[in-house]
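A.B. asks: quick one: sequence plus predicted model below, questions after.
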Amino acid sequence: MAPSWATCQTRNTSFCLIDSQAIKVKNITLQFSIIGIFEFGETESLSTRPLSPHLQVYRPQITSVLSILHRITGVIIALGAIVISLWIESVARGDPWYGSLSDLLVSPLGKILMIIWTLCTAYHLCNGIRHLAWDIGYGFEIPQVYRTGKLVMVFAIIITAGVWWI
Amino acid sequence: MKLELPLAKVKGMGASGEGSHHWWRQRLSALVLIPLTLWFLFSIIDQLGQSHFAVQEWIADPFTAFCLILYSIFMFYHAQLGLQVVIEDYVHNRGIRLGMLLFSKVVLLLFGILAVFSVLRIAL
């Protein structure tokens, strides 16, 4: 029979089970034999060991990168929303306030920040639609996930370019 | 396989003890925001650098005012829901987490109200 393996963990012991050896418990046949027991100290065992998706050693992939980008862009948009709110308020308040904020926004740095904000919004919008499609059960196959991921990036750039340069 | 207990199903609560309202509201607000965001992106850029009078005229237009108010409400609400998830996922200290949740909610609520109030002030 083909070797199979599993790991077990108790509070301060980790051990590895491997290969087949039939053990009958009531009517259930369990097949394993212990080839090694690795002891860990109480403090070292579970508390200090890394949790499963340790990002430090993960190779960035389009799936994970786009996923975290969705959150980062979301936070940036929320910060930009505060600026939009202040901008509308300055219009309501009157000209000197509107003028100074408007000058800030059309300055080179302001323009760069706003293009970044536009790109973030366009990306979050497109990727959000992708998420909504997943929520109703479409696009889960890996090739589709890659294709829609690339599509989202392309559309985000097209929308940003369209907004700023058309 | 269903992991939800019948009682939990009746109460509409999941593992968080809070129910699926948050998830639903995030999706529904996202859906509303699709057309609003496209409209906002394509119209706000034209207004940048315009004179105060021109922007005032633009916001005072009933259609613009209507869309701006809707956009502000849904966008700030959606932002609050999203930030909440981010904070809940990454801030593990209970005290700091609670503080950040309250802070983000209050700040976004205030700026949302400011935006809606300002539009009304200009339009009415």
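C.D. replies: Great, that's in hand. Numbers count the residues shown, from 1 in each chain, chains lettered A, B, ... in the order given.
A.B. asks: what strand or helix carries A:Gly99?
C.D. replies: Assigning secondary structure by DSSP states H and E places A:Gly99 in helix A:95-106.
A.B. asks: quick check: buried residues in the helix or strand following that helix?
C.D. replies: Using DSSP H and E, the helix or strand that follows helix A:95-106 towards the C-terminus is helix A:108-135. Residues A:110, A:113-114, A:117-131 are the ones in helix A:108-135 that count as buried (16 or more other C-beta atoms under 10 Å in any protein chain shown). For glycine as for every other residue, the C-beta is placed from the backbone atoms N, C-alpha and C.
A.B. asks: ok, and does helix A:108-135 reach over to chain B?
C.D. replies: Yes. Using C-beta under 8 Å from any C-beta of the partner chain, we find that helix A:108-135 touches chain B at A:114, A:118, A:121-122, A:125, A:128-129, A:131-132, A:135.
A.B. asks: from the contact counts, what lies against that helix?
C.D. replies: With contacts taken as 3 or more C-beta pairs under 8 Å, 6 or more residues apart in numbering or on different chains; DSSP states H and E, helix A:108-135 sits against helix A:62-93, helix A:95-106, helix A:142-165, helix B:21-47.
A.B. asks: apply 7 Å and report the result again.
C.D. replies: helix A:62-93, helix A:142-165, helix B:21-47 (3 or more C-beta pairs under 7 Å, 6 or more residues apart in numbering or on different chains; DSSP states H and E).
A.B. asks: and A:Phe140, which helix or strand is it part of?
C.D. replies: With DSSP H and E as the criterion, A:Phe140 is inside neither a helix nor a strand.
A.B. asks: residue closest to the middle of chain B?
C.D. replies: Chain B has B:Tyr77 as the residue nearest its centroid, 2.1 Å off, counting by C-alpha atoms, centre = their mean.
A.B. asks: and for the residue lying closest to that residue once chain neighbours are set aside, the neighbour number?
C.D. replies: Nearest residue to B:Tyr77, sequence neighbours excluded (C-beta to C-beta, 6 or more residues apart in numbering or on different chains): B:Ser29, at 5.5 Å. B:Ser29 has 19 neighbours, counted by other C-beta atoms under 10 Å in any protein chain shown.
A.B. asks: for A:Arg147, same thing?
C.D. replies: Using other C-beta under 10 Å, A:Arg147 is surrounded by 12 other residues.
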